[in-house]
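1. what shape does this take:
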Amino acid sequence: MKRLLALLILTASPALAASDPWPAAPVLTRLLVLPSGKADGQRLISGLGLTEAQVRELRRLAASEGAAGEAGRRVIGRQEAARLNAKITAMNAEKDRKVRVLLGGKYPAFRSWVRTWWGGEVQKAARP
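-> I've put the predicted structure just below:
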C-alpha cells in the first residue's frame, strides 16, 4: 500500500516533484517532526526568522501530511485510488493556502528554501 500511495503522489508530476516537492511531499513532517530533519528544520526556522506561533502552526499542519499517508493504507481499487488522489490534491492545495497566509511575505523565501533544501536531499540520495 505504501508503494501505491507513493506512486499515486509521484505520478502526478515526477519532474516537478524532483525539483520542487511542495506541496505534494511531506516537507513539513520531514523538517519539523522527524528527528532526522531536526537540524534542517532549525535552519529553516532561523533562516526565515519564523515566530514560535508560526512554527507551532507549521507543526500542526504537518499532521495533515500524515493524514494523507494514513488514508492511502486503506485504498483497495482504482476508483478509490482516483478519489484518494483528488482528496490529496485538495488537501495539498489547502495546506499550501494555509502556509501562504501564515507566512505572508516570508512565503516566497520559504518556497525558495524548500527547493534548495530538496535539491540537496535529492543529491545526497543519488550518491552511491
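
2. helices of the chain, residue ranges please.
-> 2-10, 14-19, 27-32, 38-48, 52-72, 78-103, 107-126 (DSSP state H).

3. which of those helices sits most buried?
-> helix 27-32 (a mean of 22; mean count of other Cβ atoms under 10 Å). C-betas here are computed from N, CA, C, even on glycine.

4. could you dump it to PDB, C-alpha only?
-> In PDB, the C-alpha atoms belonging to helix 27-32 read as follows (Å, rounded to 0.1, in the frame of the first residue of the first chain):
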ATOM      1  CA  VAL A  27       8.000  18.600   3.700                       C
ATOM      2  CA  LEU A  28       6.700  19.900   7.000                       C
ATOM      3  CA  THR A  29       6.800  16.400   8.500                       C
ATOM      4  CA  ARG A  30      10.400  15.900   7.300                       C
ATOM      5  CA  LEU A  31      11.600  19.200   8.600                       C
ATOM      6  CA  LEU A  32       9.600  19.800  11.800                       C
END
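
5. before we move on, back to that, could you dump the helices of the chain to JSON lines with mean pLDDT?
-> Shown next, in JSON lines, are the helices of the chain (pLDDT from 0 to 100):
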{"stretch": "helix 2-10", "mean pLDDT": "40"}
{"stretch": "helix 14-19", "mean pLDDT": "59"}
{"stretch": "helix 27-32", "mean pLDDT": "96"}
{"stretch": "helix 38-48", "mean pLDDT": "97"}
{"stretch": "helix 52-72", "mean pLDDT": "86"}
{"stretch": "helix 78-103", "mean pLDDT": "91"}
{"stretch": "helix 107-126", "mean pLDDT": "94"}
